[in-house]
Each structure stands twice: as structure tokens, then as C-alpha cells.
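A.B. asks: Here's a sequence, model it:
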Amino acid sequence: MSNKIKVVLILLLSCLTTGASFAQKKSLEKADKKYSRFAYVDAIEILEKVAKKGYKDEKMFLKLGNAYFFNAEYDKAEAVYRELFALNSEQNEQVIYRYALSLKSVGKYEEADKYLEKFNAIASADKRASLFNDNRDYLEVIKMNSKRYYVEDAGINSVYSDYGSSMNGDKLVFATARDTGGLSKKKFKWNNKYFTNLFSSDVKEDFDAPLGNPKRYGKKLNSKFHEASAVFTKDGTTMYFTRNNYLNGQIRRNDSKDVLLKIYRAKWINGTWSNVIELPFDSDEYSCAHPALSPDEKTMYFASDMPGSFGASDLYKVAINPDGSFGTPVNLGSKINTPGRETFPFVSTEGELYFASDGHPGLGGLDIFVTKFKTDGTFGSVQNLGTPLNSRKDDFGFYMNPVGRTGFFTSNRESGKGFDDIYKFTELKKLNCEQVLEGILRDVDTNEPVVDAQLTLFSADMDKIATITTNKEGFYSFGTVDCDTKLFVRADKVDYETTEIPINTPKLTGNTYIPLTLKKRLVKIEQGTDLAERDVLDIPTIYFDLDKSFIRKDAAFELEKVLAVMNQYPKMKIDVRSHTDSRQTKEYNQRLSERRAKSTIAWLVRNGISPDRITGRGYGETQLVNRCADGVKCSEAEHQMNRRSQFIVVEF
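C.D. replies: As a prediction, the model looks like this:
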């Protein structure tokens with residue numbers, strides 16, 4: 001910063017009212033006022049004039065950067081945020097995140113990731129931080145998902161904003177800010193553009209054919225404020241759409257005097273849309289917008305910032321009852337929603353939820369994502385649709401035809417004609433994130449393949465998905481399963497203990513190899529068998545306190561196994577052998593092991609085993625199983641291996 005600029009800043013901060021500084025101060029005050037009232041373009045114009053004169057101030061750059069960002073002018077936001085961080089690199093986490101998105105929008109991904117690292121360090125509890133931390137290879141993933149769409153201009157765009165598409169019969173219905181030549185040309189102070197109305201264009205049966213000339217849609221629907229995001233029932237008799245909080249000639253504001261958004265319903269009666277009403281979950285104090293219907297039309301999905309939201313706007317669902325009433329809106333949860341923006345939902349006939357987000361890892365601005373509905377009501381992995389559908393700018397308003405894989409979306413990418421433009425697409429290849437689930441089943445003791453075992457795959461709700469058997473190599477394969485899904489695999493075979501393990505498949509397409517083991521249920525017992533061995537009763541240790549010989553409760557649990565076997569085989573005789581570690585003297589350990597052997601025998605006799613069926617003695621430290629002799633430094637776990645009991649079958 002030059003000395004001249006520093007002097008100017010000092011003068012302004014001291015509130016000296018020289019002519020130039022007073023004028024600039026007044027301009028900034030005017031900009032502050034417009035900024036707080038969300039008249040962002042007016043604020044930009046004023047702040048730009050001040051900045052062009054060389055006036056640099058952290059607060060000014062913050063407001064100017066945010067104003068550009070909120071207006072989706074990310075390239076300009078990036079330049080201003082750069083000035084801001086040059087003045088003071090210690091900004092709050094929201095500004096850091098906005099700067100990272102702005103850097104992405106101009107293709108500076110490495111620098112963006114550095115700021116996302118910083119964001120992660122100071123806002124680790126933020127879902128967007130964990131998403132970045134868990135998806136550091138997000139650019140590679142997006143690259144893998146790319147080149148699956150053919151995209152072209154829809155041919156109906158104006159130099160104004162055109163966005164948000166849906167179909168009603170053979171008509172594409174969309175919102176546009178184009179000037180229709182009326183006497184009243186109201187502009188929205190947020191972006192200094194005309195308020196949007198609903199228009200429609202005829203769509204030919206041949207999707208490649210040009211769309212019809214756009215015409216105003218629904219004479220009684222369009223008002224002097226915003227209308228957008230219409231969606232229609234299949235029979236064409238009911239329409240839901242977004243509008244500012246304006247009905248029957250009356251406009252309503254929230255406590256801050258702002259006019260928010262609501263979802264309205266209209267009915268097709270006598271050749272016109274009428275009976276417009278707001279939905280019961282709307283409010284003057286928060287916005288609801290961009291409705292979408294499930295294929296069975298029993299559920300509406302929409303965006304809102306109502307209380308309980310995770311971020312700037314979340315996706316919700318609400319039941320539509322048979323009588324036309326509505327249930328209570330339900331947030332779609334943290335798998336979908338982030339502290340950023342989730343908006344413009346769309347549900348396909350194939351059980352896919354498409355939506356726009358700047359909270360999930362993307363290319364910059366809003367990207368379009370997809371996830372699948374699961375049978376348990378949860379969602380699969382959230383996938384970025386990749387290029388060319390997504391760009392470094394805002395991409396949103398996804399709509400797909402029920403038949404075929406063609407549709408429309410909106411973007412403000414640089415190649416467009418206006419501020420936002422509608423594009424049409426043809427999907428060339430479906431995005432299926434799948435894992436091949438396979439492995440080998442082996443005997444846990446012999447490591448030999450287990451042949452002809454039955455393996456069953458279950459969902460997270462334990463619904464059976466598939467049952468297969470292992471081949472002669474013990475190999476199994478369930479084929480493809482969805483990514484990022486919790487499953488259970490159960491293995492069964494006669495003479496083996498049934499085992500079941502949970503599996504969480506990765507988030508990317510690939511192979512999930514799960515080796516499985518089964519343990520023999522029937523174990524051969526003969527003379528010389530140690531009942532404590534892992535492949536028999538699996539008694540690793542009879543626990544005694546370090547210098548004690550009485551039976552502890554956890555030791556009694558292990559002895560119950562021996563008791564059950566001896567009761568099952570009344571002629572079985574055993575020899576109880578007690579061992580200690582090398583700590584203490586040899587004489588002390590010998591006496592201690594003798595006491596422990598006697599305590600073990602006494603417990604079995606007290607519980608009904610005839611004394612003539614049990615012999616035993618203590619071996620002290622004479623039969624160590626590892627290196628931990630006198631003078632050798634060992635861990636507690638290593639010493640514990642030597643403090644063991646054996647139950648050797650001597651007659652059977």
C-alpha cells in the first residue's frame with residue numbers, strides 16, 4: 001500500500017471532513033444502507049466508484065466482494081476478495097469459503113483448495129469442511145463423472161435472465177426477466193433486473209427441433225413481482241409455483257420489511273389458471289421456493305430457510321394428502337443439506353433426486369448433484385454431474401423428461417446470451433456409482449476355502465437382497481451394489497457357526513473385496529486336547545489378580561464353558577495346569593500357580609464335578625510361551641500370555 005493511500009485511510013478513519021473524504025464517506029454510508037437492504041447492484045455501483053479512486057478499506061472490500069458473490073459475479077468477487085485478503089488475511093470462515101468458491105469460478109483450483117484447507121482448520125464442525133476433508137480428490141471424481149451429456153443452448157434465451165424449467169404437456173414453462181413492453185417496468189433492487197414472469201415455449205416431439213416462440217404463460221398468474229419455478233401434476237389440473245409474498249393485490253413483508261418467497265397453488269378451471277392460494281407451511285418470516293413433485297405426486301420437495309435449516313437454504317419434503325391438504329415439512333437431513341445453499345430440487349421417475357448446491361464439492365458456484373432414494377428412506381452417495389452440465393459458474397434448475405434422458409437446466413456460464421440462460425441436454429450415459437462386492441470365504445482355523453457355503457446380502461434394514469453360494473475356491477460375488485451404502489453379509493454352512501458382518505461400500509465406483517471366515521461349530525475332542533485352545537472353547541486366560549488365587553467373576557464365565565463340556569461328557573477327565581509369568585521369584589510363582597490350580601479345581605468340584613475326574617498342578621514360570629523370562633523387559637500384554645490355564649483331556 002502506498003504512503004499516499006495510507007494517509008487517505010488515516011484521514012478517513014479519523015473522520016476528518018475534507019471535501020473528498022467527506023464525499024467518499026457519504027458514498028460508503030449510502031452503499032452500507034443499500035447493502036443492508038439487499039439492493040446489491042446499487043451498492044456495487046457506489047463501492048466501485050470509490051474503489052476506482054484508489055480508496056482501499058477492508059470493510060469496503062468485504063461488502064463489495066460479498067455483493068459480487070451474492071449476485072453470482074464470481075470473477076469480480078474473486079478480484080475484490082483478493083484485495084481484501086491482501087489487507088487482512090484473517091477473515092471469518094464464511095468469507096474464506098466464499099473466496100474459495102470464487103477462486104474455483106476462475107479456474108484457480110489449487111489456490112481454492114488452500115483456502116478450503118484454512119476453512120477446514122477453523123470451521124471443522126462445518127459440514128462443508130468435512131465434505132472437503134473426506135473428498136480431497138473431488139476434482140478427479142468430477143472428471144470421472146464428466147462427458148456424459150450433450151449440451152446446447154435451448155434457443156429461447158433473451159439478454160435478460162431466463163431460468164427454471166418444467167413441462168406441462170408439450171410446453172416448456174420457465175421464468176424470464178425479459179421486458180414484455182408493458183407500461184410498468186419494475187426492477188428488483190437485488191440485481192437491478194426486471195422481475196421475472198412465467199413464459200412458455202412449445203416443445204416438438206423431436207427433441208432436436210427448435211422450441212416455439214416464448215409467450216407469456218397464464219394471464220392471471222403473473223404479477224408485478226417474481227413468478228418462477230412452476231411444476232405441474234400429470235393431469236395438468238394443478239400447478240405449484242414460486243412467487244414473492246403477494247396475493248390478491250396485497251404484498252406482505254417480514255419483520256425486517258423484506259418481501260420473501262412463497263409457494264402457491266393454482267387450478268386449471270375453464271381454460272385458465274385460477275384459485276391461486278398460498279400453501280399452509282408458507283410464512284411471512286422465511287422463504288419457501290422451487291417446488292418439485294415425486295413421480296406419484298404424493299410428496300412435494302422444495303427449498304426453504306425455515307427454522308431448523310442447516311444453511312442458507314435447505315431441501316425439504318412434505319406429504320400431499322389425498323384431500324389436497326399438506327403434512328408437516330421435513331428437512332432432508334445432513335446427507336443432502338449443508339451450511340451452504342441447496343436449492344432447485346427435481347425428482348426423476350427412476351428414484352433420483354437432483355438438486356443444486358454450493359456446499360458439496362464442486363467446480364464453483366452452484367453445481368448440480370444427484371443422489372438415489374433408498375428403500376429405507378435414506379439417500380445414497382451425492383454425486384456431482386460433472387462437465388459439461390456443470391461449469392465454474394452457477395448451474396441449477398435441472399429438469400428431465402419422464403421418458404428418455406433429455407431435459408433442461410439453467411446456467412450463467414460465460415457463453416450465455418443473458419444473465420441466466422436455459423440449456424437443453426441429452427444424457428449419453430447414466431451416472432451409476434457402483435461397487436462390485438466379492439471375496440473369498442475361508443475356515444478361520446485352517447485357512448482353507450469353505451465350499452458351497454450360503455452367503456446372504458441384506459440391506460441396512462435387514463431386507464434380503466440376494467443369496468449365493470461359494471464356489472470350489474471359496475469365492476463369492478454379489479455383483480454390483482450401490483456406492484456409499486450400508487449392507488450386511490451373512491455366511492452359513494452346516495457344522496459352522498453362522499457369521500454376519502456389516503459393510504459400508506465406498507463413495508466411488510470400484511471393487512469392494514471382503515474376505516470372510518467361518519469357525520467350525522463341531523470341534524473334535526480327544527485325549528490330549530486342551531479345552532482352552534482357541535478352536536475348542538477359546539479360553540485365552542483364566543484371570544486372577546496379580547498375586548491372588550481366588551476365582552474372579554470374569555474367570556467364572558470361562559470356567560462355565562469347561563463345566564458345560566464335562567457335564568456333556570460324564571466320563572471325561574481333565575488335568576488342570578496353571579502357569580504364571582516370570583515376575584516375582586521362581587519359588588513364589590510355583591506356590592502361586594499351585595494355589596490357582598487348586599482354586600480352579602475347587603470351583604469345578606463345588607459346581608458338581610466329581611473330584612476323581614480332575615487332577616491338576618501348578619507349573620509356575622517353567623513353561624513360558626514367549627521370551628519374557630527373568631530380566632527380560634516385556635509389556636503387560638506379553639506377561640499376560642504366560643498367566644494362563646490349560647484343561648488337558650486325559651481320558652475321554
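A.B. asks: which residues in the stretch 351-500 of the chain form helices?
C.D. replies: Read by DSSP state H, counting those that start in this stretch, the stretch 351-500 of the chain holds no helices at all.
A.B. asks: low-scoring pLDDT stretches of it, where are they?
C.D. replies: The model of the stretch 351-500 of the chain has no residue with pLDDT under 70.
A.B. asks: mind redoing it with 90?
C.D. replies: 351, 364-365, 372-382, 401-405, 414-419, 428-435, 444-446, 459-464, 480-486, 494-498 (pLDDT under 90).
A.B. asks: Could you find the closest non-adjacent residue to residue 639?
C.D. replies: Excluding the flanking residues, the one nearest residue 639 by Cβ to Cβ, 6 or more residues apart in numbering is residue 581, at 4.1 Å. Just so you know, the C-beta spots here come from the backbone N, C-alpha and C atoms, and that holds for glycine as well.
A.B. asks: ok, now residue 593?
C.D. replies: residue 618 (2.9 Å).
A.B. asks: and the residue nearest to residue 639, what element?
C.D. replies: Residue 581 is part of no helix or strand, with elements assigned from DSSP states H and E.
A.B. asks: where's it relative to residue 640, distance?
C.D. replies: 8 Å (Cβ to Cβ, to the nearest Å).
A.B. asks: again with residue 163
C.D. replies: Distance from residue 163 to residue 640, counting by Cβ to Cβ: 69 Å.
A.B. asks: try residue 227
C.D. replies: 75 Å.
A.B. asks: So which residues of the stretch 401-550 of the chain form strands?
C.D. replies: Assigned by DSSP state E, counting those that start in this stretch, the strands in the stretch 401-550 of the chain fall at 406-411, 421-427, 434-443, 454-458, 464-469, 475-482, 486-492, 499-504, 510-513, 516-518.
A.B. asks: Show residues contacting the first one.
C.D. replies: Think strand 406-411. Residues outside strand 406-411 that contact it (Cβ atoms under 8 Å, 6 or more residues apart in numbering): 154, 162-165, 172, 174, 207, 368, 389, 391, 393-401, 420-427.
A.B. asks: Need the buried ones from those residues selected in ChimeraX.
C.D. replies: Buried residues among those (16 or more other Cβ atoms under 10 Å), as a ChimeraX selection:
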select :154,162,163,164,165,172,174,368,389,391,393,394,395,396,397,398,399,400,420,421,422,423,424,425,427
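A.B. asks: picking up where we left off before, how many neighbouring residues does the residue nearest to residue 639 have?
C.D. replies: When neighbours are defined as other Cβ atoms under 10 Å, residue 581 has 22 of them.
A.B. asks: so what's it up against?
C.D. replies: 589, 621, 624, 628, 639-640, 642-643.
A.B. asks: ok, those vs residue 505, which is closest?
C.D. replies: residue 640 (37.6 Å; Cβ to Cβ).
A.B. asks: How is the closest one assigned, secondary-structure-wise?
C.D. replies: helix (DSSP: H, G, I helix; E, B strand; the rest coil).
A.B. asks: and what of residue 597?
C.D. replies: helix.
A.B. asks: And it, how far from residue 537?
C.D. replies: Counting by Cβ to Cβ, the gap from residue 597 to residue 537 is 18 Å.
A.B. asks: These two: who's more crowded?
C.D. replies: Higher neighbour count among residue 597 and residue 537: residue 597, with 25 against 19, using other Cβ under 10 Å.
A.B. asks: Tell me the pLDDT of the more buried one.
C.D. replies: pLDDT, residue 597: 90.
A.B. asks: my read: residue 619 touches residue 579, true?
C.D. replies: Yes. At 5.2 Å, residue 619 counts as touching residue 579 under the criterion of Cβ atoms under 8 Å.
A.B. asks: Go ahead and build a ChimeraX selection from the buried members of the contacts of residue 581.
C.D. replies: Of the contacts of residue 581, the buried ones go into a single ChimeraX selection, burial set by 16+ other Cβ under 10 Å:
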select :589,621,624,628,639,642,643
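A.B. asks: Tell me the one among the contacts of residue 581 nearest to residue 353.
C.D. replies: residue 640 (53.0 Å).
A.B. asks: So what does residue 333 look like in phi/psi?
C.D. replies: With angles defined as degrees, to the nearest 10, residue 333 sits at phi 90, psi 170.
A.B. asks: then stretch 376-390 to PDB, C-alphas only?
C.D. replies: Output of stretch 376-390 as PDB, limited to C-alpha atoms (Å, rounded to 0.1, in the frame of the first residue of the first chain):
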ATOM      1  CA  ASP A 376     -35.200 -47.300   3.900                       C
ATOM      2  CA  GLY A 377     -35.900 -43.600   3.100                       C
ATOM      3  CA  THR A 378     -32.300 -42.500   3.300                       C
ATOM      4  CA  PHE A 379     -30.100 -41.400   0.400                       C
ATOM      5  CA  GLY A 380     -27.200 -42.900  -1.500                       C
ATOM      6  CA  SER A 381     -24.000 -41.100  -2.200                       C
ATOM      7  CA  VAL A 382     -24.200 -37.500  -3.500                       C
ATOM      8  CA  GLN A 383     -22.600 -37.300  -7.000                       C
ATOM      9  CA  ASN A 384     -21.500 -34.200  -9.000                       C
ATOM     10  CA  LEU A 385     -22.900 -34.500 -12.500                       C
ATOM     11  CA  GLY A 386     -19.600 -33.200 -14.000                       C
ATOM     12  CA  THR A 387     -19.000 -31.200 -17.100                       C
ATOM     13  CA  PRO A 388     -20.400 -30.000 -19.400                       C
ATOM     14  CA  LEU A 389     -23.600 -29.900 -17.400                       C
ATOM     15  CA  ASN A 390     -21.700 -28.200 -14.600                       C
END
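A.B. asks: What lies in contact with the helix or strand hosting residue 344?
C.D. replies: Per DSSP H and E, residue 344 falls inside strand 342-347. Residues outside strand 342-347 that contact it (Cβ under 8 Å, 6+ apart): 164, 229, 289-290, 292-295, 301-303, 311, 313-315, 336, 353-357, 359, 366, 396-400.
A.B. asks: just how off-centre is that strand within its chain?
C.D. replies: 15 Å (Cα atoms, centre = their mean, to the nearest Å).
A.B. asks: With stretch 357-366 instead?
C.D. replies: In terms of Cα atoms, centre = their mean, the centre of stretch 357-366 is set 13 Å apart from its chain centre.
A.B. asks: again with stretch 71-90
C.D. replies: The answer for stretch 71-90 is 28 Å, by Cα atoms, centre = their mean.
A.B. asks: Likewise for stretch 294-303?
C.D. replies: 21 Å.
A.B. asks: quick one: average confidence on that stretch?
C.D. replies: 96.
A.B. asks: ok, now stretch 143-163?
C.D. replies: Averaging pLDDT along stretch 143-163 yields 91.
A.B. asks: buried set for it?
C.D. replies: Buried residues in stretch 143-163 (16+ other Cβ under 10 Å): 144-146, 148-149, 151, 154, 156-158, 160-163.
A.B. asks: State the pLDDT value of residue 522.
C.D. replies: The predicted local confidence for residue 522 is 68.
A.B. asks: Contacts only, for residue 349.
C.D. replies: 295, 402.
A.B. asks: Can I take it that it is in a helix?
C.D. replies: No. Remark: residue 349 does not belong to a helix; assigned using three-state DSSP, it is coil.
A.B. asks: pLDDT value on it, please?
C.D. replies: 91.
A.B. asks: Could you do residue 535 as well?
C.D. replies: The model reports residue 535 with a pLDDT of 68.
A.B. asks: go on, the one 5 residues further on?
C.D. replies: Reported pLDDT at residue 540 in the predicted model: 66.
A.B. asks: Residue 463 contacts residue 456, doesn't it?
C.D. replies: No. At 11.0 Å, residue 463 does not count as touching residue 456 under the criterion of Cβ under 8 Å.
A.B. asks: Return the residues in contact with residue 486.
C.D. replies: 460, 502-504.
A.B. asks: let's see it at 7 Å
C.D. replies: Contact analysis of residue 486 by Cβ atoms under 7 Å, 6 or more residues apart in numbering lists 460, 502, 504.
A.B. asks: Can you name the residues bridging to it?
C.D. replies: Legend: beta-bridge partners of residue 486 under DSSP bridges are residue 504.
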